[in-house]
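>>> only the shape, not the letters, is given here:
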């Protein structure tokens with residue numbers, strides 16, 4: 001433990017250091033200039049401070065106020081040493097953060113007892129702080145384990161949809177990263193962006209409930225088939241809200257599954273929502289999903305040129321898509337191209 005002694009009288013410093021030395025296992029630091037002591041405290045954490053009240057230039061009150069203002073010094077015990085027994089002095093010292101007092105001339109037995117008490121208090125506080133840090137680390141580890149399990153569940157659900165859907169796993173990865181870009185550009189909080197990134201891959205999980213002859217049809221769907229296909233948004237929501245427990249990630253994924261085919265002009269499905277009535281995550285996924293679908297080759301279609309897909313997004317901003325989401329996506333164009341290059345599809349013959 002580190003003991004700091006501040007007194008302008010060198011004789012007092014020698015006596016107090018000698019008495020402190022009777023307490024085993026401690027390092028004693030002495031200063032006869034309060035300014036130098038404060039400078040030392042800026043880079044060190046004493047475990048106990050012995051502070052003289054009557055000092056020139058910077059008195060005990062001023063030192064105590066400045067000491068308590070230093071980062072991390074709020075809980076360090078301070079014993080003020082004074083020849084003054086007036087209650088007003090002690091009241092003021094207590095207001096500034098003093099923990100105990102000694103009166104000159106210092107009694108050896110009282111000195112050692114009060115020192116032991118304050119050092120024991122400091123030790124207990126440090127143990128509690130260490131325990132709190134340990135508990136916080138354990139909570140972070142447990143939370144990380146839960147997040148990893150959730151991501152594993154998402155991956156498995158997404159793989160289920162992938163086996164029924166002609167879209168590739170690379171599409172899911174690209175789309176999730178596009179969503180992340182848009183969320184960051186919109187200034188969403190880090191935890192909201194992480195939630196969006198984790199939940200977006202489940203946007204089309206409802207396609208597991210669509211019959212193969214419709215889902216895998218190589219040509220254009222007729223009106224009846226399209227009506228069935230559009231049910232995948234609600235099916236996905238029903239799947240993701242069917243868990244018998246509350247889960248923020250699955251709730252976000254359910255919201256995305258239900259809303260990512262809505263259009264800001266109200267002409268989308270399944271609820272015909274418009275504008276900001278459409279959840280923001282759904283509006284973000286709509287941009288990312290459509291762009292990647294347009295620019296990806298499939299067995300039944302050729303990929304659009306990037307410029308044509310950009311023009312489509314720009315033309316549909318404010319009608320199909322949220323204009324802010326389109327603007328955010330296009331503002332990150334270089335990163336979009338990097339994502340496309342990183343997560344390429346296998347070659348398709350169109």
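Arrived safely. All values derive from a computational prediction rather than experimental measurement. Residues are numbered from 1 along each chain as shown.
>>> tell me which helix or strand residue 150 sits in.
Assigning secondary structure by DSSP states H and E places residue 150 in helix 108-164.
>>> now the following helix or strand past that helix and helix 108-164, what's the angle there?
Next helix or strand after helix 108-164 toward the C-terminus (DSSP H and E): helix 169-185. Angle, helix 169-185 to helix 108-164, by axes from the mean of the first three to the mean of the last three C-alpha atoms, to 10 degrees: 130 degrees.
>>> mind checking the pLDDT average for helix 169-185?
For helix 169-185, the mean pLDDT works out to 92.
>>> ditto for stretch 224-231
Taken as a whole, stretch 224-231 has a mean pLDDT of 95.
>>> pull out the buried positions in it.
Neighbour-count burial for stretch 224-231 flags 225, 229, 230, 231 (criterion: 16 or more other C-beta atoms under 10 Å). Using the backbone N, CA and C atoms, a C-beta is placed for each residue, glycine as well.
>>> how about the first one, what does it touch?
This means residue 225. Taking C-beta atoms under 8 Å, 6 or more residues apart in numbering, we find residue 225 in contact with 214, 217.
>>> A strand includes it, no?
No. Residue 225 is assigned helix when assessed by DSSP: H, G, I helix; E, B strand; the rest coil, not a strand.
>>> surely residue 229 meets residue 212?
No. The criterion here is C-beta atoms under 8 Å, and residue 229 misses it with residue 212 at 12.0 Å.
>>> which secondary element of the protein has the worst mean pLDDT?
helix 108-164 (a mean of 80; mean pLDDT, DSSP states H and E).
>>> who does it touch, helix- and strand-wise?
Helices and strands touching helix 108-164, as assessed by 3 or more C-beta pairs under 8 Å, 6 or more residues apart in numbering; DSSP states H and E, comprise helix 10-20, strand 48-52, strand 78-82, strand 100-103, helix 169-185, helix 190-199, helix 248-259.
>>> tell me which of those is the most buried.
strand 48-52 (a mean of 26; mean count of other C-beta atoms under 10 Å).
>>> and the next element down the chain from it?
Scanning forward in sequence from strand 48-52 by DSSP H and E, the next helix or strand is helix 60-69.
>>> which other residues reach that next one?
So helix 60-69 is contacted by 6, 34, 37-38, 41, 49, 51-55, 58, 73-74, 76, 78, 80, 82, 92-93, 96-98 (C-beta under 8 Å, 6+ apart).
>>> run the last query once more with 7 Å
6, 34, 38, 41, 49, 51-53, 73-74, 78, 80, 92-93, 96-98 (C-beta atoms under 7 Å, 6 or more residues apart in numbering).
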